[in-house]
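Visitor: just a sequence and a predicted model for now, questions to come.
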There are 2 protein chains.
Amino acid sequence: MASVTIDGETGTTVMHLEAEYAPPRSWRTWLIGRPLPTADAPNQTIGKLIGLAVFASDNLSSTAYATQEILIILAAVGTSAFGYVFPISLAIAALLVIVTFSYEQTIHAYPGGGGAYIVARDNLGELPALMAGGALLTDYVLTVAVSIASGVAQLTSALPVLFPYRVWIAVGLVMFVMLMNLRGVKESGRVFAIPTYFFVVMMLATVSTGLIQYVLGSLGTVIDPPPMEQIHVAQGLSLFLILRAFASGSAAMTGVEAISNGITAFREPRSRNAGITLIWMAAILGTFFLGISFLAGPIGAIPSEAETVISQLARTIFKGRGLLYLGAISATTLILIMAANTSFADFPRLSALIAADGFLPRQFTYRGSRLVYSRGILALALLAAGLIVVFQASVTALIPLYAIGVFLSFTLSQSGMARRWWKIGHMAPGQEVQEHGSTLRWERRWRVKMIINGIGAACTAVVMCIFAITKFRDGAWVVVLLIPALVFIFFRIHSHYKDLAAHLSLENHGGPANVAPRHRVIIPIGGVHQGTLVALRYARALSDDVTAIHVSTDPAEAEKIQDKWDMWGDGVRLVILDSPYRLLAEPLLSYIEKIAAQRQPNELITVVVPQFVPKRWWHNLLHTQAAMMLRLALLTRPGVTVTDVPYHLNGQPGRNGDNRQEKP
Amino acid sequence: MASVTIDGETGTTVMHLEAEYAPPRSWRTWLIGRPLPTADAPNQTIGKLIGLAVFASDNLSSTAYATQEILIILAAVGTSAFGYVFPISLAIAALLVIVTFSYEQTIHAYPGGGGAYIVARDNLGELPALMAGGALLTDYVLTVAVSIASGVAQLTSALPVLFPYRVWIAVGLVMFVMLMNLRGVKESGRVFAIPTYFFVVMMLATVSTGLIQYVLGSLGTVIDPPPMEQIHVAQGLSLFLILRAFASGSAAMTGVEAISNGITAFREPRSRNAGITLIWMAAILGTFFLGISFLAGPIGAIPSEAETVISQLARTIFKGRGLLYLGAISATTLILIMAANTSFADFPRLSALIAADGFLPRQFTYRGSRLVYSRGILALALLAAGLIVVFQASVTALIPLYAIGVFLSFTLSQSGMARRWWKIGHMAPGQEVQEHGSTLRWERRWRVKMIINGIGAACTAVVMCIFAITKFRDGAWVVVLLIPALVFIFFRIHSHYKDLAAHLSLENHGGPANVAPRHRVIIPIGGVHQGTLVALRYARALSDDVTAIHVSTDPAEAEKIQDKWDMWGDGVRLVILDSPYRLLAEPLLSYIEKIAAQRQPNELITVVVPQFVPKRWWHNLLHTQAAMMLRLALLTRPGVTVTDVPYHLNGQPGRNGDNRQEKP
């Protein structure tokens, strides 16, 4: 598709070429697969069954730890308080119903994808959008850390011998999920169906067997339970403690928003398919969560870092560590690791979106060789691995940081939706308005819908506050400070890009670039040798106004250079700068500064520095790197350009590529 | 002293200027003092009294640990073996006499300074010289580590509360001595007199009081001795063990060579003054060492990491921790720290000497702002501090590495001298020959002198072998491997410099630089904005043959750029490279490579890259640093020069310094 266009007016020639560059096979190819051309960007869509598998893993996996986290809080009172687990779980399930209906409406309103950032940006403005963005990014990182840590906890429940290595297993799993995502495994979502449905089947089997045993009276209690760890000071039962337990358990709701972010992945009718999938997902989540919370009581499950409640439940119901037990545990482990995967799909997309708006480094918008936002994937993996190491892969230590961000984004997203219904309600009946790429269409039932979203916003706001207050001292303060800090950083980045754009703008710019009338070239020399002559030849090609400068710390040496220059300098002016303090860079810089300060408008100054390129990297240690130091020093000096002229030390002496002489 | 010369034949103008650069006051001034001009290089000389103070601290300080190190070895047999301390010490003292006379001859033969490196280089050749150089450099590093560690051990004997902080105190002291040497305290050697003579007086008082008490029978035994640490497995007394103890104790002889290195510092008659100072020094050393070793027996001193033998001796003789005890301990601590200072004087000088011969990086030959070889000082401090941290400031752990290098350099230096006498003996009577800057003058008594040096060489060679064998497994193997490794590195560095000189040589070079007939300029652009236009203006000043290249990952973007280029590109040819794999650098590089491969002899290719210079350093994180990546990639490609044209983002939008337009 090579083409040549010549502009009629200005006569500018434009050649359009296909790059001849074919990506070579390398270790990267081996690790993440061969590069994909942009034209391959897939536009497959998925149905409800696959959609559930792709988007539900984060959400459903919460059932693996939500009940346990409620128990841990109640343990401060003693096992007598464990009876509150089920009522608290019922409250959480009610909240789930509200949020689900609220999000179902978002899905229909934003068929192009309605994450909290977009909904808040379109309806509430920049600041709420960035708060939602910061909260979500924080939470995606925490989701990876929490679900991988929890997956490893399942694993070490089944294989206690691995417990001492849990941090490294967790970090290794983060790296594995990262690699899979750099490959773009997300795009081939079908592989996700197997573990998700495996988990659904195994959980269904566990919970239903347990309930049947309960009804028949054959449900036993946990044999040889792990010792109960009491993380909090023993205390009486209080409303505060109940709210704390409620806040811990509400981690179960994380991941409800995943489908609304990824609507575009669904087959048409998109919104309908996505909405139905969301309701299925919530129903499955609610059933499992309530089932586990209900059964935890009768079997006498004990919250412990050493064995998860799921593990205790499965081995009580399946009477020991048999095949069914191992199936349940491995399904739980798998889905927890896949939950991390959901974050790996969402974090890079969201950061690319925020970066495209100019609030994060532009680099996040580049798609890597496999068409995924590689930098976002790397950033997420590094942050999550860091958290896992700092918190020693402890789910209980990570949970207080978690969920606050999710609920903030829930609140902002629902508020945005409520605001949107209010705008729709104030339109003329039958009117249709395009706003920020989504369509506002008048609807008769806007009041009901506004109320649903409003209740959703209010409930999640209340949960967020409960969470922030009851968990403040356990670590929630970190997030409470972090989100405003992130928003501040977003604005600083934005102001830099705005500033840059203003500087670079060609509006009110004089006209095309003029050719400079004068070009002064300065060539610092340490000695007169072949490298110097290569640089001199280059300098003379740039301009007739060339000055060589030698900074002298030794008069005898300076005299030698002067003699050699007479012979080889080709008549170019030489300045010898005596440096009484034996400094090399500073006198040269001050000389150049002086010249630069006197320069005419439109005059160019170039410093040409001979630079050795040695055969081996360690040879660089044997040279003073004067060129690099000069560049760094002169970079801040407007109007001066530094050019290294490389002199290659390969090949035979005296036969350097740059040194070829014309035939006489 | 500005001057202008114009060469009659070639017409080359040479301007000679004094640099107007005055070093600013900064934190460095505060830390190490204001820069000294080269003209201030001092040529003061010192007499015997000051000379002894400057050069003896390393040597005399060995008395602080030599006896203890013998005891530690004998402790493997039990206290019964401690009777061997004095006989072993006598053997070491005899060795000291031999080496002293041997070095006294060196001082007369090399009045310009006769370190082992120079003597070996002039008389034995390059390889032995480099072995001596490597051995000495290793030993200087160890001297700093051992004497500072031993000084801190004295300190913690007196103040046991400081024992847990010994590593950091030691590292802090190394840094302090480093700073003093960066200031150039060595040049004002007078300050050294006080602590050296303080030590001599205190040691004399301690040893003589002890001997008098012994004669009068009033010498007590150590009250409340520290627990004996047995580092080695208990064993019977054997010749091997005696030799081991002898080797440990011979650490006392380190520092004997210091005077022969620094002869030039002495007042005339140099060699005579230096020779007498050497004999004084050896006499004082011998007296103290024998005195301490003799007294250690009757008082029942116990070798221990927790309290030094010197401390035990002083508190037994002075009956408790009184003023005299504290005086003796603080004098010992001071001299040990000053012993490190001797290395700081010698290491940088020796490394500068070896670097000037092209066996170490040239940077070691540069003198810093205070006229000292700053890089050598820094290198020594870092290496010694590293050793102290690795060995946890334990003298006993460091000793097995120590002294092997000293004895190797003794051996090589004495062998060199013996060889020199042999050469002199084979000259015609009365003849005088200049060789390597030293004068060979016929002498009647050459045979006697050759025998003295020969015995010195043989004895030190034997001690070196004893040391290497008996201490091999304790750590001496490190040094046995390290010295050949260093020699190998010296040769590799040398071959690089020789190679470089051959490449750069102007012998057989065609003639003065020719002006290139063609200069192709390539300017990669990511967009069309003010930064691009600044770079374009620069590119057009270089050549008429300018091509702009845009690597396109987005056809819509490419079209926009094409439109803008029609307007602002000033008719310059634009190539749009479609990059199907979204890579930016690689297609550009392969395009440039292709052009470079086809270039004519003498044709120049320059890549002009617009480079933002943001207001704050962290803004760099928000840009892709394409310029830097291109430079790194193209550095290895002969014939291509990369120039960044800086575009400064200071000041007001649209008013960049580089952007000033000519008046129409």
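Guide: Cool, got the structure.
Visitor: what is the burial count for the residue in the stretch 351-500 of chain A that chain B sits nearest to?
Guide: Here the residue of the stretch 351-500 of chain A nearest chain B is A:Pro361; by C-beta to the nearest C-beta that distance is 4.8 Å. (Each C-beta comes from the backbone N, C-alpha and C, glycine too.) By the criterion of other C-beta atoms under 10 Å in any protein chain shown, A:Pro361 has 20 neighbours.
Visitor: next one: A:Phe294
Guide: A:Phe294: 18 neighbours (other C-beta under 10 Å).
Visitor: distance of the spatially closest residue to it that is not a sequence neighbour relative to A:Gly249?
Guide: Nearest residue to A:Phe294, sequence neighbours excluded (C-beta to C-beta, 6 or more residues apart in numbering or on different chains): A:Phe86, at 5.3 Å. Using C-beta to C-beta, to the nearest Å, A:Phe86 is found at 11 Å from A:Gly249.
Visitor: between those two, which is the more surrounded one?
Guide: A side-by-side neighbour count of A:Phe86 and A:Gly249, using other C-beta under 10 Å, places A:Gly249 first with 28 against 16.
Visitor: that one should be in a helix, yeah?
Guide: Yes - A:Gly249: assigned to a helix according to DSSP: H, G, I helix; E, B strand; the rest coil.
Visitor: and chain A, what are its domains?
Guide: Using automatic domain parsing, the domain parsing of chain A gives A:13-361+A:376-493, A:518-648.
Visitor: straight-line length of the longest one, end to end?
Guide: In terms of C-alpha to C-alpha, to the nearest Å, the two terminal residues of domain A:13-361+A:376-493 are separated by 37 Å.
Visitor: related to what we said a few turns ago, the residue of the stretch 351-500 of chain A closest to chain B reaches A:Ala355, doesn't it?
Guide: Yes - with contact defined as C-beta atoms under 8 Å, A:Pro361 counts as touching A:Ala355 (6.3 Å).
Visitor: picking that back up, which of the domains of chain A sits closest to B:Ile92?
Guide: For B:Ile92, the closest of the domains of chain A is domain A:518-648, at 41.0 Å, according to C-beta to C-beta.
Visitor: what about A:Pro614, neighbour count?
Guide: If we define neighbours as other C-beta under 10 Å, then A:Pro614 has 18 of them.
Visitor: for A:Leu577, that is, sorry about that
Guide: Neighbour tally, A:Leu577, other C-beta under 10 Å: 23.
Visitor: give me phi/psi at it?
Guide: phi -100, psi 110 (degrees, to the nearest 10).
Visitor: helices or strands up against the one helix or strand the residue nearest to A:Phe294 maps to?
Guide: Using DSSP states H and E, A:Phe86 maps to helix A:85-109. Counting contacts by 3 or more C-beta pairs under 8 Å, 6 or more residues apart in numbering or on different chains; DSSP states H and E, helix A:85-109 is packed against helix A:66-74, helix A:239-249, helix A:258-261, helix A:270-299, helix A:404-425, helix A:446-470.
Visitor: looking at those helices, which one is packed in the most?
Guide: Sort the helices and strands packed on helix A:85-109 by mean neighbour count, taking mean count of other C-beta atoms under 10 Å in any protein chain shown, and helix A:66-74 sits at the top with a mean of 28.
Visitor: contacts for that helix, please.
Guide: Outside helix A:66-74, the residues within contact range by C-beta atoms under 8 Å, 6 or more residues apart in numbering or on different chains are A:81-82, A:84-85, A:88-89, A:92, A:229, A:231-232, A:241, A:244-246, A:248-252, A:289, A:292-293, A:296, A:301-303, A:308-310, A:395-396, A:399.
Visitor: centre of the chain to the helix or strand containing A:Phe612, how far?
Guide: Here A:Phe612, judged by DSSP H and E, is contained in strand A:604-613. Strand A:604-613 has its average C-alpha position 40 Å from the chain's average C-alpha position, going by C-alpha atoms, centre = their mean, to the nearest Å.
Visitor: so what strands line up beside it?
Guide: Strand A:604-613 pairs in its sheet with strand A:519-524 (parallel), strand A:640-648 (parallel), by DSSP bridges.
Visitor: to A:Lys471, which of these lies closest?
Guide: Ranking the strands paired with strand A:604-613 by proximity to A:Lys471 (C-beta to C-beta) places strand A:640-648 first, at 54.5 Å.
Visitor: which parts of the stretch 251-400 of chain A are helices?
Guide: A:258-261, A:270-299, A:309-317, A:323-356, A:374-390, A:395-398 (DSSP state H, counting those that start in this stretch).
Visitor: now do the same for A:Gln652: its pLDDT.
Guide: Confidence at A:Gln652, expressed as pLDDT, is 44.
Visitor: and for A:Glu9?
Guide: 68.
Visitor: what about the host helix or strand of A:Met629, distance to the chain center?
Guide: Taking DSSP H and E as the criterion, A:Met629 maps to helix A:626-634. When distances are taken as C-alpha atoms, centre = their mean, helix A:626-634 is centred 35 Å away from the chain's centroid.
Visitor: and it, what does it pack against?
Guide: Using 3+ C-beta pairs under 8 Å, 6+ apart, the elements in contact with helix A:626-634 are helix A:585-597, strand A:604-613, strand A:640-648.
Visitor: give me every residue in the stretch 301-450 of chain A lying close to chain B.
Guide: Selection of the stretch 301-450 of chain A residues close to chain B by C-beta under 8 Å from any C-beta of the partner chain yields A:361-363, A:366-369, A:371.
Visitor: which of the residues you listed has the most neighbours?
Guide: Counting neighbours by other C-beta under 10 Å, A:Gly368 leads these with 22 neighbours.
Visitor: pLDDT score for whichever residue of the stretch 201-350 of chain A sits closest to chain B?
Guide: Shortest the stretch 201-350 of chain A-to-chain B distance, computed as C-beta to the nearest C-beta: residue-wise this is A:Pro348, at 14.8 Å. A:Pro348 carries a pLDDT score of 87 in this model.
Visitor: so it makes contact with A:Leu380?
Guide: Yes - between A:Pro348 and A:Leu380 there is a contact at 6.9 Å, judged by C-beta under 8 Å.
Visitor: angle of the helix holding A:Phe86 against helix A:446-470?
Guide: 130 degrees (axes from the mean of the first three to the mean of the last three C-alpha atoms, to 10 degrees).
Visitor: let me see the mean pLDDT of helix A:85-109.
Guide: The model assigns helix A:85-109 a mean pLDDT of 90.
Visitor: and it, which residues are buried?
Guide: Residues of helix A:85-109 classed as buried by neighbour count (16 or more other C-beta atoms under 10 Å in any protein chain shown): A:85-86, A:88-89, A:92-93, A:95-96, A:98-107, A:109.
Visitor: same check on stretch A:566-581?
Guide: Buried residues in stretch A:566-581, defined by neighbour count with 16+ other C-beta under 10 Å: A:566, A:568-570, A:572-581.
Visitor: what's the answer for stretch A:310-325, then?
Guide: A:310-318, A:324-325.
Visitor: pick the one among these closest to A:Trp280.
Guide: A:Trp280 lies nearest to A:Ile310 out of the buried residues of stretch A:310-325, by C-beta to C-beta, at 21.9 Å.
Visitor: I'd say that closest one and A:Ala328 touch.
Guide: Yes - counting by C-beta under 8 Å, A:Ile310 touches A:Ala328, with 7.2 Å between them.
Visitor: if I look at A:Leu632, how far off is A:Val521?
Guide: Applying C-beta to C-beta to A:Leu632 and A:Val521 gives a distance of 20 Å.
Visitor: so the helix or strand where A:Val480 lies, near chain B or not?
Guide: Applying DSSP H and E as the criterion places A:Val480 in helix A:476-504. Yes - against chain B, helix A:476-504 shows contacts by C-beta under 8 Å from any C-beta at A:493, A:496-497, A:499-500, A:502-504.
Visitor: name only those of those that count as buried.
Guide: Applying 16+ other C-beta under 10 Å to those, the neighbour count classes A:493, A:496-497, A:500, A:503-504 as buried.
Visitor: next one: A:Gly134, what pLDDT does it get?
Guide: According to the model, A:Gly134 scores 93 on pLDDT.
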